[in-house]
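Q: I'll drop the sequence and a predicted model, then ask my questions.
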Amino acid sequence: MDSEEYSKTLEERFHQYKIDVSMNRANPEIEVNHEHMIEFANKLKKDESYEILMDVIAVDFLTYGDVDWKTNDATNTGYSRAVKPTIIPDIDETFKERFAVFYQLLSISNNQRLTLKVFASESNPPSVPSLVDIWSSADWFEREAFDLMGIHFEGHPDLRRILTDYGFIGHPFRKDFPTNGNLEVVYDEEKEEVVYQPVSISTRPTVPRVIRDRND
């Protein structure tokens, strides 16, 4: 059975979950509602023999399809993202289909790959159920997505930052995170310890400019 036939079989077999099956680089990609996530993931592991979770990828769809880095000339402050003051969204902000999580699954017994896609909840923080109890390899992958993208994984046994410092503000892989950050780390000679302070560097133009001789 080729991948396209297999994807149609999956759609028929699990129609009760209202899944959306498509092809991604010759492999099936299944989108499922986060409310059905745990039950459907269990089905994939037990009934479809997807023994291995290879990777977890978080995606921010903010400004997806729009022209990014809107800059009119080379003498302004540079990319708008670098100076945008967003740090943490308002508590009542919602995220309609902004954050998605992709799970890369592998079935060794069937020699088949599959991508499981789920959009996070619209509430703040955006959240999806943790799959640690189904695939233990999801542990650090989900911590990384939480740290860098700010997605909360409900039921994760130890959801802490894994790459940035515990005092870090914001989530650096979000598209509205300032490129020069929010805080910097310096050594305080009086306190004799490392402390945080607001970013002191100034944003510089990063748009290429052409320099010509006067005679050109």
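A: Cool, the structure landed.

Q: name the helix or strand for F153, please.
A: If you go by DSSP states H and E, F153 is part of strand 152-154.

Q: OK, contacts around the nearest residue to I108 once chain neighbours are set aside?
A: Excluding its sequence neighbours, the residue lying closest to I108 (Cβ to Cβ, 6 or more residues apart in numbering) is E51, at 5.9 Å. C-beta: built from backbone N, CA, C; applies to glycine. Counting by Cβ atoms under 8 Å, 6 or more residues apart in numbering, E51 touches 45, 106-109.

Q: related to what we said a few turns ago, contacts for the strand holding F153 next, please.
A: The contact list for strand 152-154, computed with Cβ under 8 Å, 6+ apart, reads 125-130, 132, 142, 145-146, 159.

Q: adjacent strands (with direction) for it?
A: strand 127-129 (parallel) (DSSP bridges).

Q: which element follows the strand it pairs with toward the C-terminus?
A: Taking DSSP H and E, what comes next after strand 127-129 is helix 138-149.

Q: still on that earlier bit, would a markdown table of the contacts of E51 with neighbour count be doable?
A: Below are the contacts of E51 laid out as a markdown table (neighbours: other Cβ atoms under 10 Å):
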| residue | neighbour count |
| --- | --- |
| K45 | 18 |
| L106 | 16 |
| S107 | 16 |
| I108 | 10 |
| S109 | 9 |
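
Q: out of those, name the ones that lie in helices.
A: Of the contacts of E51, the ones assigned to helices by DSSP state H are K45.

Q: let me know the closest of the contacts of E51 to R25.
A: L106 (14.1 Å; Cβ to Cβ).

Q: from memory that closest one sits against S49, does it?
A: No - the pair L106 / S49 is not scored as a contact, 9.9 Å apart, by Cβ atoms under 8 Å.

Q: and the most centrally placed residue in the chain, which of the three is it?
A: Most central in the chain under Cα atoms, centre = their mean is A58, positioned 2.3 Å from the mean C-alpha point. Of the three states, A58 takes strand according to DSSP: H, G, I helix; E, B strand; the rest coil.

Q: thinking again about what came up before, please identify the buried residues of the strand holding F153?
A: 152-153 (16 or more other Cβ atoms under 10 Å).

Q: what about that strand, distance to the chain center?
A: Mean C-alpha position of strand 152-154 versus that of the full chain (Cα atoms, centre = their mean, to the nearest Å) differs by 13 Å.
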